[in-house]
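S.K.: A structural model of the following input is requested.
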Amino acid sequence: MAEAPLSRNDLVEALSRGIKPKDQWRIGAEHEKFGFDRHTLRRPAYEGDTGIKAMLAGLTRFGWAEVEEGGHVIALERKNAEGFSASISLEPGGQFELSGAPLKDIHDICSETGQHLMEVKQVADQIGLGFLGLGFDPMWRRDDIPVMPKGRYDIMRAYMPKVGSLGLDMMLRTCTIQANLDFDSEADMVLKFRTSLALQPIATALFANSPFTEGRPNGFLSARANVWTDTDPDRTGMLDFVFQDGFGFERYVDYALDTPMYFVKRDGRYINAAGQSFRDFMAGRLEARPGETALNKDWADHLTTLFPEVRLKSYLEMRGADGGPWSRICALPALWAGIFYDAPSLAAAWDLCKDWDIADHERLRRDVTHLGLKAEVAGRSVQDVARDMVAIARLGLKNRARFSGGMVDERGYLSELEDIADSGVTPAERLLELYHGPWNGDVKRAYADFAY
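M.R.: Numbers count the residues shown, from 1 in each chain. This next block holds a predicted model:
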């Protein structure tokens with residue numbers, strides 16, 4: 001039976017289905033990393049003995065199932081013992097992404113991440129690849145980077161230069177760490193969205209780890225975060241409306257409806273609808289598919305093409321952190337779980353930022369890209385806010401009282417962030433110290449010193 005045409009109420013309901021009772025809350029972690037040829041340091045192509053396709057094929061020995069598109073393997077999937085799926089997917093420039101399963105605690109997240117990195121290293125060592133966790137490619141130009149054979153990326157690559165100057169850098173030269181968390185009501189979603197959106201630049205400063213471009217310092221501590229300031233204003237940024245009275249699922253739906261589409265996917269094929277309106281699609285007036293109306297899966301696809309600092313789907317995605325080492329892949333979900341999953345901690349975190357205005361949000365988002373923890377907001381240093389934020393998360397994790405087999409709770413995953421906040425020195429500044437000191441200006445040393 002054909003689906004009935006979607007209504008705005010259907011779209012609102014699709015988001016509201018993310019509401020879960022607290023005893024069903026989960027945590028998801030995602031991270032991307034750059035592959036490189038261990039001899040040339042170049043980013044790997046898709047094909048070839050040392051290519052991304054070979055990498056994906058090698059991982060199937062660990063129980064990963066291949067996902068194909070257009071005759072190409074473009075992802076892997078695997079279920080855990082509870083039946084939840086994790087996936088390995090490819091970003092446009094071959095960045096390798098683990099989208100972890102929704103898990104109960106940070107212990108499980110860190111175990112999942114460690115197992116993944118071990119599997120990746122075992123296969124990579126055999127085919128001559130390495131993997132590096134930074135927020136921005138430290139050496140290679142856009143033109144040096146092979147593009148992966150995924151249909152949506154062809155559409156995005158053609159569209160990006162029309163709406164911003166750095167969109168291709170976002171696609172090809174950035175890597176991030178993300179955390180996904182739940183809510184138990186619309187009001188809970190709103191408070192978590194506002195708090196995390198306001199504090200996202202603080203996380204950006206704590207995780208800043210991309211000070212190099214094409215072999216030299218680039219003037220930023222998070223070049224990745226700077227890229228997002230000129231990628232596509234229709235679908236990025238701090239979403240001022242989130243802080244306005246009346247915000248909820250309906251307002252986010254309207255934002256998504258007003259954001260131009262990229263594509264429609266039919267029978268495994270991507271159809272270019274870049275710049276066209278999802279509202280028109282719902283009404284059967286989409287230029288790319290005249291007379292056809294949108295389906296539920298089209299709406300789900302469209303939501304994945306929005307790139308604000310915090311993104312709403314059936315959960316909230318924290319999107320403000322540079323790629324980095326295993327320890328910080330574990331630290332990001334620990335930071336947000338400590339804040340989100342303990343009511344007093346969430347209230348305390350909101351108190352940190354509730355008086356900031358829209359100008360503060362926008363200025364802070366830009367300032368942390370090059371000043372890091374030395375930026376200021378509303379008369380306070382970002383370092384001071386970061387100290388408070390991490391302390392609040394630590395108390396939240398203590399109150400959660402989720403213990404591993406060794407009777408250790410989740411607070412230890414914040415240790416590195418505590419050190420960063422206390423010192424006021426970002427990971428990027430540590431890299432710059434190495435560049436100007438022991439590395440003698442040779443960025444290639446990063447591939448030896450910081451590969452997984």
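S.K.: any idea of the mean pLDDT for the strand of greatest length in the chain?
M.R.: Counting by DSSP state E, the longest strand found in the chain is strand 27-37. On average, the pLDDT along strand 27-37 is 98.
S.K.: Low-confidence regions, the stretch 1-150 of the chain specifically.
M.R.: 1-2 (pLDDT under 70).
S.K.: how about the longest strand of the chain: buried residues?
M.R.: 27, 28, 29, 30, 31, 32, 33, 34, 35, 36, 37 (16 or more other CB atoms under 10 Å). Bear in mind the C-beta positions are built from the backbone N, C-alpha and C, glycine included.
S.K.: What is the subsequent helix or strand relative to that strand?
M.R.: Per DSSP states H and E, the first helix or strand lying C-terminal to strand 27-37 is helix 52-59.
S.K.: Which residues does the following helix or strand past that following helix contact?
M.R.: Going down the chain from helix 52-59, the next helix or strand is strand 65-69, by DSSP H and E. With contact meaning CB atoms under 8 Å, 6 or more residues apart in numbering, strand 65-69 is reached by 56-57, 60, 73-78, 87, 149-151, 268.
S.K.: Apply 10 Å and report the result again.
M.R.: By CB atoms under 10 Å, 6 or more residues apart in numbering, the surrounding residues in contact with strand 65-69 are 56-57, 59-60, 72-79, 85, 87-89, 149-152, 265, 268-270.
S.K.: Parallel or antiparallel, list what pairs with whichever helix or strand comes after that strand.
M.R.: Following strand 65-69 in sequence order, the next helix or strand is strand 72-79 (DSSP H and E). Its sheet considered, strand 72-79 pairs with strand 65-69 (antiparallel), strand 85-90 (antiparallel) by DSSP bridges.
S.K.: Assess the claim that residue 157 and residue 172 are in contact.
M.R.: Yes. Between residue 157 and residue 172 a contact is recorded at 8.6 Å, counting by CB atoms under 10 Å.
S.K.: Next, show the common contact partners of those two.
M.R.: Common contacts of residue 157 and residue 172, defined by CB under 10 Å, 6+ apart, comprise 92, 147.
S.K.: Which one's more surrounded, the two?
M.R.: When residue 157 is set against residue 172 and neighbours are counted by other CB atoms under 10 Å, the residue ahead is residue 172, at 25 against 15.
S.K.: For that one, which non-adjacent residue is spatially closest?
M.R.: Nearest non-adjacent residue to residue 172, counting by CB to CB, 6 or more residues apart in numbering: residue 93, 3.8 Å away.
S.K.: unless I'm mixing things up, the one you found is touching residue 141, no?
M.R.: No. Residue 93 is beyond contact range of residue 141, at 11.3 Å (criterion: CB under 10 Å).
S.K.: Between those two, which has more neighbouring residues?
M.R.: More neighbours surround residue 93 than the other of residue 93 and residue 141, with 27 against 12 (other CB under 10 Å).
S.K.: For that one, which residues are in contact?
M.R.: Neighbours of residue 93 in contact, by CB under 10 Å, 6+ apart: 32, 34-35, 43-44, 52, 137, 140, 142, 144-148, 153, 168-169, 171-175.
S.K.: can you rerun that using 7 Å?
M.R.: For residue 93, the contacting residues are 43, 145, 147, 171, 172, 173, by CB atoms under 7 Å, 6 or more residues apart in numbering.
S.K.: With residue 396 instead?
M.R.: 338, 339, 341, 342, 345 are the contacts of residue 396 under CB under 7 Å, 6+ apart.
S.K.: 6 Å - rerun?
M.R.: 338, 339, 342, 345 (CB atoms under 6 Å, 6 or more residues apart in numbering).
S.K.: for the record, mean pLDDT for stretch 278-289?
M.R.: Mean predicted lDDT for stretch 278-289 stands at 96.
S.K.: Next: stretch 258-265.
M.R.: Here stretch 258-265 scores 97 as its mean pLDDT.
S.K.: mind listing what's buried in that stretch?
M.R.: Result for stretch 258-265 [16+ other CB under 10 Å]: buried residues 259, 260, 261, 262, 263, 264, 265.
S.K.: how about JSON lines for those residues, with distance to residue 116 and secondary structure added?
M.R.: Below are the buried residues of stretch 258-265 laid out as JSON lines (distance: CB to CB, whole Å; DSSP: H, G, I helix; E, B strand; the rest coil):
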{"residue": "259", "distance to residue 116": "32", "secondary structure": "coil"}
{"residue": "260", "distance to residue 116": "34", "secondary structure": "coil"}
{"residue": "261", "distance to residue 116": "32", "secondary structure": "coil"}
{"residue": "262", "distance to residue 116": "28", "secondary structure": "coil"}
{"residue": "263", "distance to residue 116": "29", "secondary structure": "strand"}
{"residue": "264", "distance to residue 116": "32", "secondary structure": "strand"}
{"residue": "265", "distance to residue 116": "27", "secondary structure": "strand"}
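S.K.: Out of those, which comes closest to residue 163?
M.R.: residue 260 (8.5 Å; CB to CB).
S.K.: how close does that closest one get to residue 250?
M.R.: Plainly put, residue 260 is 20 Å away from residue 250 if you go by CB to CB, to the nearest Å.
S.K.: Then residue 78?
M.R.: From residue 78 over to residue 250 (counting by CB to CB), the distance is 36 Å.
S.K.: give me the number of residues near the nearest residue to residue 75 once chain neighbours are set aside?
M.R.: Distances taken as CB to CB, 6+ apart put residue 67 closest to residue 75, at 3.9 Å, once the chain neighbours are dropped. Using other CB under 10 Å, the number of residues around residue 67 comes to 15.
S.K.: what about residue 67, distance to residue 184?
M.R.: 32 Å.
S.K.: ditto for residue 34
M.R.: 37 Å.
S.K.: buried ones in stretch 397-404?
M.R.: Quick answer for stretch 397-404 (16+ other CB under 10 Å): 397, 400, 402.
S.K.: And the second one, what's its pLDDT?
M.R.: I take that to be residue 400. 96.
S.K.: Residue 334 versus that one, what's the distance?
M.R.: 10 Å.
S.K.: re earlier: report the two of the contacts of residue 396 separated the most.
M.R.: 339 and 342 (7.5 Å).
S.K.: Comparing these two, which shows the higher neighbour count?
M.R.: residue 339 (28 against 21).
S.K.: is it true that that one lies in a helix?
M.R.: Yes. Assessed with DSSP: H, G, I helix; E, B strand; the rest coil, residue 339 lies in a helix.
S.K.: And the pLDDT at it?
M.R.: So residue 339 comes in at 98 (pLDDT).
S.K.: returning to that earlier point: and the buried residues of stretch 258-265 as a markdown table, adding distance to residue 430?
M.R.: What follows is these, written out as a markdown table (distance: CB to CB, whole Å):
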| residue | distance to residue 430 |
| --- | --- |
| 259 | 37 |
| 260 | 40 |
| 261 | 41 |
| 262 | 37 |
| 263 | 40 |
| 264 | 45 |
| 265 | 42 |
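S.K.: How about the contacts made by the nearest residue to residue 128 once chain neighbours are set aside?
M.R.: Of all residues not flanking residue 128 in the chain, residue 50 sits nearest, at 4.8 Å (CB to CB, 6+ apart). Shown in contact with residue 50 (CB under 6 Å, 6+ apart): 37, 44, 127, 128, 129.
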